[in-house]
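Asks: got a structure for you, letters missing:
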């Protein structure tokens, strides 16, 4: 099979995996929002933040090293597997036996007991992470998609049943543990070759030399929001954490649903163009342009209509989260603008360059939270937003200094989508405020606003840059299986 066909087949399965993970998570969130309290979400969010931080070294310490190396032996795979399982068990033991101390440190009652059981997922990740790396190394995305389908679908079904029976926060605990363990079980069933318990220090050391750096980067990237949530829980309580958790999870799942599959294809594309800087920059601008063309109107529209969206998706009892959901949707826009920046820097052989921007994000959000964010939830959101004031300029400077791309050129692809999204927001906001009665049901209000927004956005694009619409239609046509 040619490389083009392999990549096309991989794109189908990565898209399926993305929609499986994000789509089922979003549906589960809608159901949980109607069955669980803000306190339940808050306690689970704090425990999950801790577990996800500890999952990073278990999941990623050997992942990129196993995928990146041209030649590996069974001893590399077996040693990485043995190390990962032991690490997962050790970190689970830390959570299990240290849960009381962690709860006392955070100051949120109930977190410790939830953390004990949720941390079981660390053991499941230890058994599955090396298998995931090996499947990706061989471009076997089918088994990874099936693993996601079983893990997310099975865990969601059990968790929803527990929530309906009045299990409260334990529904979210079951979802996290079963998500990892069922997925790992599926991989073990589908894999042609399975690792064994066999350890040698020399191959482990060679893998760690590459994996430690990438793990630190991913740990910082994942830690930013988790640290913020833990600080919110410590200062403002579990109820406030629950409101923000719903707002963040709703926006993040939609973001992942729209970009994960395409993002996985960007790295090989940019790597092939790394020696042709002008072609690389053109591909970068085109990627940003097409991504923002689709995502900007969606998230700006969600922000403008946040109250109706939250009422429909999560229920009227979560309307207090609507302002924060709107803010998070707007703060996602810089992510889409900069989402290919790290990929481009890695493609040109500069993987260490993005570290400074991540350190700045984490430091600024934590300092602002300690400085003023602890006083109220709105100030906490201001502390979260303040990180972008520093991180985006730093990211652009690094891109110019290391990658060689000028400031204006980095922004060029998103100009037209941004202007069209602003015009769309103004039109929707005007109609929503002055023409639609507040007494109408949320769904009745949202339907005409969505149609108006789509029409306004497309019309504005056509006026500003008609060629962009043609390019997007051509891109979609070239992505169809029959032409791949």
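Replies: Structure received. None of the values given here were measured: they were computed from a predicted structure.

Asks: count of neighbours near residue 110?
Replies: Number of residues near residue 110 (other CB atoms under 10 Å) recorded here: 17. Quick note: C-beta positions are derived from backbone N, CA and C, even for glycine.

Asks: for it, which non-adjacent residue is spatially closest?
Replies: Using CB to CB, 6 or more residues apart in numbering and skipping residues adjacent in sequence, the residue nearest residue 110 is residue 43, 4.9 Å away.

Asks: surely the one you found touches residue 115?
Replies: No: taking contacts as CB atoms under 8 Å, residue 43 lies outside contact range of residue 115: 9.3 Å.

Asks: just to revisit the earlier point, show me what contacts the residue nearest to residue 110?
Replies: For residue 43, the contacting residues are 108, 110-111, 114, 169, 238, 241, by CB atoms under 8 Å, 6 or more residues apart in numbering.

Asks: try it again with 10 Å
Replies: 37, 103, 108-115, 168-169, 172-173, 233, 238-239, 241-242, 245 (CB atoms under 10 Å, 6 or more residues apart in numbering).

Asks: returning to that earlier point: who touches both of residue 43 and residue 115?
Replies: Contacts common to residue 43 and residue 115, judged by CB under 10 Å, 6+ apart, are 103, 173.

Asks: what comes into contact with stretch 419-434?
Replies: Residues contacting stretch 419-434 (CB under 10 Å, 6+ apart): 292-293, 295-301, 303-305, 307-308, 330, 333, 414, 438, 445-446, 448-450, 452-465, 468.

Asks: ok now that stretch, how far from the chain's centre?
Replies: Relative to its chain's centre, stretch 419-434 lies at 28 Å (CA atoms, centre = their mean, to the nearest Å).

Asks: and the helix or strand in which residue 134 is found, which residues are buried?
Replies: For residue 134, the host element (DSSP states H and E) is helix 120-137. Residues 120-136 are the ones in helix 120-137 that count as buried (16 or more other CB atoms under 10 Å).

Asks: what helices or strands is it leaning on?
Replies: helix 38-60, helix 63-68, helix 74-106, helix 141-164, helix 170-190 (3 or more CB pairs under 10 Å, 6 or more residues apart in numbering; DSSP states H and E).

Asks: please identify the most buried of those helices.
Replies: helix 38-60 (a mean of 24; mean count of other CB atoms under 10 Å).

Asks: quick check: angle from that one to helix 170-190?
Replies: With axes from the mean of the first three to the mean of the last three CA atoms, to 10 degrees applied, the angle from helix 38-60 to helix 170-190 works out at 30 degrees.

Asks: helix 38-60 to helix 120-137, inter-axis angle?
Replies: Here helix 38-60 points in a direction 50 degrees away from that of helix 120-137 (the same axes, to 10 degrees).

Asks: please renumber the chain so that the first residue is 17 from this point on.
Replies: OK, 17 is where the count begins now, so the last one is helix 54-76.

Asks: can you give me how far helix 54-76 is from the chain middle?
Replies: Using CA atoms, centre = their mean, the mean C-alpha position of helix 54-76 is found 14 Å from that of the whole chain.

Asks: count the residues that sit near residue 320.
Replies: Residue 320 has 23 nearby residues by other CB under 10 Å.

Asks: now it, what are its backbone angles?
Replies: According to degrees, to the nearest 10, the main-chain angles of residue 320 amount to phi -70, psi -40.
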